[in-house]
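In: pasted the sequence and its predicted model underneath.
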Amino acid sequence: MDLTALEERLGYSFVQRGMLEQAVTHRSHGAVHNERLEFLGDAVLNCAVAQLLFAKYARLDEGDLSRLRSNLVKQQSLADIAEKLVLSEFLRLGEGEMKSGGFRRPSILADTMEAIFGAIFVDSGFDAARAVIGKLFDPVLKTVDPKTLGKDSKTLLQEYLQGKRIALPLYAVVETRGAAHNQEFEVECSIPKLEINVRGTGRSRRAAEQSAAKRALETAQQAMAQLGRRPRKKAAAAESTVAAAPSPPADGAAQTADQT
C-alpha cells in the first residue's frame, strides 16, 4: 500500500514506514494491527493537546482546560480530522468491516488517528508527534470558543441569563408519550421576564430539558438583540425630528420683524 499521500497530508515522513502501515491496520485485517499504537497515541494526544491549551489560554483554570481538552480529543473531533485527511482511503480493514462500511465509522477513524499519533511517537519521539497534532488541531483552535465548548444547553442558558441579571429559567414536563420502555418527554422552558415559553422533546427528561434550553437560549438572544436595537431607533427618530424642525430666527431678523 502506498501511503505517501497520507504522509504528505500529515506533514510527516516516517523513518520506519512499517509503523504507518500498522497504524492504519484494523484488528479485523490480521494479527498485526493498530490497537497497541492506539493505546500509546491516546496518551500522546492528551499530553500534546494539554500543552497546546496551556500555552494558548493563560487565564483559564484547570477545570476549563480539562473541559476543553476532553472535547477536543473526543471521538467525533478525531473523526472530523480523519475525514479532512480522507483517511478512509488508506484504512486496512477485514472483508466484513469493509462490507459493513467500517471505513466510514467514526470510532474506527478516531482510533486510527490515535494509532497514527502513537506511530509517529515511536518513529521520532514526542516533539514530532506534537508538531503533527498541533498542525491538525490548529484550525480547530482558531475557531473554538473556550467559554462555550463542551457546555450543555442548560448551562449555557443559565450563564447567559445570569450575565443579564435575569432570573433562572423554569422547566416543566408538559407531556409524556409512548410505552414505558420507549417514552418521549416534552418539556417546557419558561423565562417569565422575557415572556419566553418554548418546548423541547427527548427520550429522557434530561434530553428534553436540553432541547428546550437550546431553543430558549436562541429565543432569548434574539429578544435581547431586539431590545438593544430599540433605543437606537428612537434616538435616530428624535434626531430626524430635530433636523426637520424650523430654525429659530436670527437676532437681526427678529429685530426687523419687531420694527415692522
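Out: Yep, it's here.

In: and the closest residue to residue 120 other than its chain neighbours, what does it touch?
Out: Leaving out its chain neighbours, the residue that sits closest to residue 120 by C-beta to C-beta, 6 or more residues apart in numbering is residue 129, at 4.4 Å. Yep, even glycine has a C-beta here, placed from its N, CA and C like the rest. By C-beta atoms under 8 Å, 6 or more residues apart in numbering, the contact list for residue 129 reads 41, 44, 48, 117-118, 120-121.

In: give the contact list for residue 81.
Out: Contacts for residue 81 were tallied using C-beta under 8 Å, 6+ apart; they are 113, 136-137.

In: can you rerun that using 7 Å?
Out: By C-beta atoms under 7 Å, 6 or more residues apart in numbering, the contact set of residue 81 is 113, 136.

In: pLDDT at it, what is it?
Out: Note for residue 81: predicted pLDDT of 95.

In: and it, that one's in a strand?
Out: No - read with DSSP: H, G, I helix; E, B strand; the rest coil, residue 81 is helix and lies in no strand.

In: picking up where we left off before, in a markdown table: the contacts of residue 129, plus neighbour count.
Out: Listed next are the contacts of residue 129 as a markdown table, based on neighbours: other C-beta atoms under 10 Å:
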| residue | neighbour count |
| --- | --- |
| 41 | 27 |
| 44 | 22 |
| 48 | 22 |
| 117 | 28 |
| 118 | 26 |
| 120 | 27 |
| 121 | 24 |
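
In: residue 108 versus residue 75, what's the distance?
Out: 10 Å (C-beta to C-beta, to the nearest Å).

In: which one of these two has more residues nearby?
Out: residue 108 (22 against 14; other C-beta atoms under 10 Å).

In: state the pLDDT value of the more buried one.
Out: 95.

In: my read: it touches residue 102, true?
Out: Yes - between residue 108 and residue 102 a contact is recorded at 5.3 Å, counting by C-beta atoms under 7 Å.

In: need the overlap of contacts for those two.
Out: Joint contacts of residue 108 and residue 102 (C-beta under 7 Å, 6+ apart) are residue 26.

In: residue boundaries of the strands in the chain?
Out: 170-177, 184-191, 196-202 (DSSP state E).

In: give me whichever of those strands is most buried.
Out: Stretch with highest mean neighbour count among the strands of the chain: strand 184-191 (a mean of 20; mean count of other C-beta atoms under 10 Å).

In: so which residues make contact with that one?
Out: 161, 166, 169-178, 196-205, 208-209, 212-213, 216, 220.

In: domains in the protein, by residue range?
Out: Using automatic domain parsing, the domains assigned to the chain come out as 4-143, 153-241.

In: mean pLDDT for those: which is lowest?
Out: Of all the domains of the chain, domain 153-241 has the smallest average pLDDT, which comes to a mean of 84.

In: can you pull the buried residues of stretch 142-159?
Out: Within stretch 142-159, the residues that count as buried by 16 or more other C-beta atoms under 10 Å are 144, 146, 150-151, 153-154, 157-158.

In: one more: stretch 37-50?
Out: Buried residues in stretch 37-50, counted by 16+ other C-beta under 10 Å: 37-38, 40-42, 44-50.

In: any chance of the residues you listed in CSV, with distance to residue 6 too?
Out: Putting the buried residues of stretch 37-50 into CSV (distance: C-beta to C-beta, whole Å) gives the following:
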residue, distance to residue 6
37, 15
38, 17
40, 19
41, 15
42, 20
44, 18
45, 18
46, 23
47, 23
48, 19
49, 21
50, 26
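
In: quick check: the farthest pair among those?
Out: Greatest spatial distance among these (C-beta to C-beta): 37 and 50, at 20.0 Å.

In: and residue 202, how far from residue 209?
Out: Taken as C-beta to C-beta, the span from residue 202 to residue 209 is 8 Å.

In: next one: residue 116
Out: From residue 116 to residue 209 the distance is 39 Å (C-beta to C-beta).

In: so those two - more neighbours on which side?
Out: Remark: of residue 116 and residue 209, residue 116 carries more neighbours, 32 against 23, as counted by other C-beta under 10 Å.
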